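In: my questions are about this predicted structure, shown below with the sequence.
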Amino acid sequence: MRCKYIVFIFAIVSVSFNVLFLYNWIDRSVSLSYSKKSFDDCNNDLSITKIIIKDELKGKDKNFVLQRIRKNKLDSYSLIKDNVLYLGNTELIF
């Protein structure tokens, strides 16, 4: 009789651990898929923004570009060197 209780308790503990493992596995899968989609969306937005900025700044002089950067308060995020605007980790040639 005592052996049945031990087997029953062992079965309950085993099922509980399996349920927790499955829950964490599914939760992680969902989180990773949302993270990947968010990353892809950000990459897409960044590439579109780069195209727009390149077209807008193409052929402009350095003073015009500096004026636009100051107007949009991007001074602390940008660096201009040899007609190349470094905006964060993004390189834009003008």
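Out: Good, I have the coordinates. Numbers count the residues shown, from 1 in each chain.

In: please tell me how far the most centrally placed residue in the chain sits from Ile26.
Out: Nearest residue to the geometric centre of the chain (CA atoms, centre = their mean): Phe39, 4.0 Å. Distance, Phe39 to Ile26, using CB to CB, to the nearest Å: 20 Å. From N, CA and C alone the C-beta is placed, and that goes for glycine too.

In: quick one on the thing from earlier: beyond whatever helix or strand the residue nearest to the centre of the chain lives in, next helix or strand please.
Out: Element membership for Phe39, per DSSP states H and E: helix 2-57. Remark: after helix 2-57, the chain's next helix or strand is helix 62-71, criterion DSSP H and E.

In: and that following helix, what other elements does it pack with?
Out: Contact here means 3 or more CB pairs under 8 Å, 6 or more residues apart in numbering; DSSP states H and E; on that basis helix 62-71 packs against strand 78-81.
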